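Colleague: I'd like to go over a predicted model; first the sequence, then the structure.
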Amino acid sequence: MQSQAHLLFQPSSHLWVNLTSTRPINVKPCRANIIMSAVTSAPKRETDPKKRVVITGMGVVSVFGNDVDSYYEKLLGGESGIGLIDRFDVSKFPTRIGGQIHGFESEGYIDRKSDRRLDDCSRYCIFAGKKALENAHLGPENRYKIDKERAGILIGTAIGGITLCSDGIESLKEKGHRKITPFIIPYTLTNMSSALLAIDVGFMGPNYSISAACATSNYCFYAAANHIRRGEVDIMIAGGTEAAIVPIGLAGFMALNALSRRNDDPQTASRPWDKNRDGFVMGEGAGVLVMESLEHAMKRDAPIYAEYLGGAVNCDAYHMTRPWSDGLAVSCCIKRCLKDAGVSTEEVNYINAHATSTLIGDLAELNALKKVFKSTSGIKMNSTKSMIGHCLGAAGGLEAIATIRAIQTGWVHPTINQFNLDPAVEFDTVANQKQQHEINVAISNSLGFGGQNSCVAFCAFKP
């Protein structure tokens, strides 16, 4: 019998090939099975108030500030939050721009001692989480009204406490192990942001972090909703947080040739679907939702901002950083999301796309959407990243809030920097100016390195 070392996996053909022979070993092709696995039965929405999931709170930390209303107002205004990075010396970097948050203040939300020690990743998480609770009428004065053993937290991050980790490595090299902070391991862990928020607010239900690269937030929404639907909890705080604009983070993405180099014109650097796009722009922040069973929300007379209808996650199983160009797995993920949501493709009329402004990624997602939506008439599609950059694990959280605000207000924010639209785009991308649009069902896509795909669906709440 030949050694496994003589076998080579070829993703393009999904065949295991013996290097000493051209005869394929008998392995069933898997790409053809992806479409077959998509269930096509008639959609049916959830009606049980114990299983219906509603959004009762939102919290944000962004380059546009830390208030949900002002955040969305600036998105509607088509403002760009991209500028030159000044947090560290970028003079020798080919890319010197990003969606850097300036002057973040957590006063009143994190005690001063902890605030000095924490990585920004955790600071953003705790602040956004507590703001979301306030928005859900669950500030400190009201939390006694809920069963904290049935309240959980699931806030993810792609990279975690990278600042503390990077600083610790420098201290080790320059000063030795005795000068390393004892917080380096705990505050670098991806689960610690959720844990610290739980310690602060006393929620004793499920508490963990999902790390699924740039699809992280949607993975968290999907998992959190399923905890509620299974009856394990009444309420979940869910979303994503990220603070990766540090030297090693910027340099790492530059090594992948993933970033725009429009340093002379930062505000037009992030240009999803534009023919002259040259890569994404790094961003940072946090986007957090309070997700709750409808029954529980109504019992406590909570504000209801939207309804979470369903979601789905899957994997390309193809390449570390490059998606399938035809978007097959992504299209399957969207179809499964719609089935979970109980809606048909004809009901969807708004898409908050992943749309990072990369040459390959934008078209791969576009091809996936074309497989799902045979008619693009009446569908508005935009990219929040055109204004705030790509916030990695927090991207889906910030985009979910933009989606929910679009549902609430009837106004869809523009995709800015649409100068020369790629001819492959057949959707209305809300180019450069906000548009009025009554949303029936909205979906939000998030895709990540490793082939991680996710899609969630929201609509206006109707009793």
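Modeller: Here it is on my side, so go on. Numbers count the residues shown, from 1 in each chain.

Colleague: isn't residue 313 right up against residue 332?
Modeller: No: between residue 313 and residue 332 there is no contact under Cβ atoms under 8 Å: 10.9 Å. Where C-beta positions appear, they are placed from N, C-alpha and C, glycine not excepted.

Colleague: shared neighbours, the two?
Modeller: By Cβ atoms under 8 Å, 6 or more residues apart in numbering, residue 313 and residue 332 have no common neighbours.

Colleague: ok, the spatially closest residue to residue 449 that is not a sequence neighbour - contacts?
Modeller: Distances taken as Cβ to Cβ, 6 or more residues apart in numbering place residue 213 nearest to residue 449, at 4.3 Å, with adjacent residues excluded. Counting by Cβ under 8 Å, 6+ apart, residue 213 makes contact with 158, 392-393, 448-450, 452.

Colleague: got it, and residue 445?
Modeller: Residue 445 neighbours (Cβ under 8 Å, 6+ apart): 218, 330, 334, 351-354, 365, 453-455.

Colleague: secondary structure added to these, as CSV?
Modeller: Conversion of the contacts of residue 445 to CSV gives the following (DSSP: H, G, I helix; E, B strand; the rest coil):
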residue, secondary structure
218, helix
330, helix
334, helix
351, strand
352, strand
353, coil
354, coil
365, helix
453, strand
454, strand
455, strand
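
Colleague: out of the residues you listed, flag the one nearest to residue 233.
Modeller: Among the contacts of residue 445, residue 218 lies closest to residue 233 (Cβ to Cβ), at 18.9 Å.

Colleague: tell me the pLDDT of the residue nearest to the closest one when sequence neighbours are not counted.
Modeller: Using Cβ to Cβ, 6+ apart and skipping residues adjacent in sequence, the residue nearest residue 218 is residue 454, 3.5 Å away. Listed pLDDT for residue 454 reads 98.

Colleague: what about residue 454, neighbour count?
Modeller: By other Cβ atoms under 10 Å, the residues close to residue 454 number 30.

Colleague: my read: it touches residue 220, true?
Modeller: No: Residue 454 lies out of contact with residue 220 (Cβ under 8 Å); the separation is 9.4 Å.

Colleague: pLDDT averaged over stretch 223-236 - what is it?
Modeller: pLDDT averaged over stretch 223-236 gives 98.

Colleague: buried residues in that stretch, which are they?
Modeller: Buried residues in stretch 223-236, defined by neighbour count with 16 or more other Cβ atoms under 10 Å: 223-229, 233-236.

Colleague: residue ranges of each domain in this protein, please.
Modeller: Using automatic domain parsing, the domains assigned to the chain come out as 4-29, 53-459.

Colleague: reformat those domains as a markdown table; add distance to residue 44.
Modeller: As requested, the domains of the chain are exported to a markdown table (distance: least, Cβ to Cβ, whole Å):
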| stretch | distance to residue 44 |
| --- | --- |
| domain 4-29 | 32 |
| domain 53-459 | 5 |
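
Colleague: what ranges do the helices span in the stretch 101-250 of the chain?
Modeller: Secondary structure of the stretch 101-250 of the chain by DSSP state H, counting those that start in this stretch: the helices cover 112-117, 120-135, 162-175, 184-188, 192-201, 216-229, 247-255.

Colleague: out of those, nearest to residue 346?
Modeller: Using Cβ to Cβ, the helices of the stretch 101-250 of the chain put helix 216-229 closest to residue 346, at 22.8 Å.

Colleague: output that closest one as PDB - backbone C-alpha positions only.
Modeller: The C-alpha atoms that make up helix 216-229 are tabulated as PDB, following Å, rounded to 0.1, in the frame of the first residue of the first chain:
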ATOM      1  CA  THR A 216     -17.700  36.000  13.300                       C
ATOM      2  CA  SER A 217     -20.600  38.300  14.200                       C
ATOM      3  CA  ASN A 218     -23.100  36.500  12.100                       C
ATOM      4  CA  TYR A 219     -22.000  33.200  13.500                       C
ATOM      5  CA  CYS A 220     -22.700  34.600  16.900                       C
ATOM      6  CA  PHE A 221     -26.100  35.900  16.000                       C
ATOM      7  CA  TYR A 222     -27.000  32.500  14.500                       C
ATOM      8  CA  ALA A 223     -25.800  30.600  17.600                       C
ATOM      9  CA  ALA A 224     -27.400  33.000  20.100                       C
ATOM     10  CA  ALA A 225     -30.700  32.800  18.300                       C
ATOM     11  CA  ASN A 226     -30.600  29.000  18.400                       C
ATOM     12  CA  HIS A 227     -29.900  29.000  22.200                       C
ATOM     13  CA  ILE A 228     -33.200  31.000  22.500                       C
ATOM     14  CA  ARG A 229     -35.100  28.800  20.100                       C
END
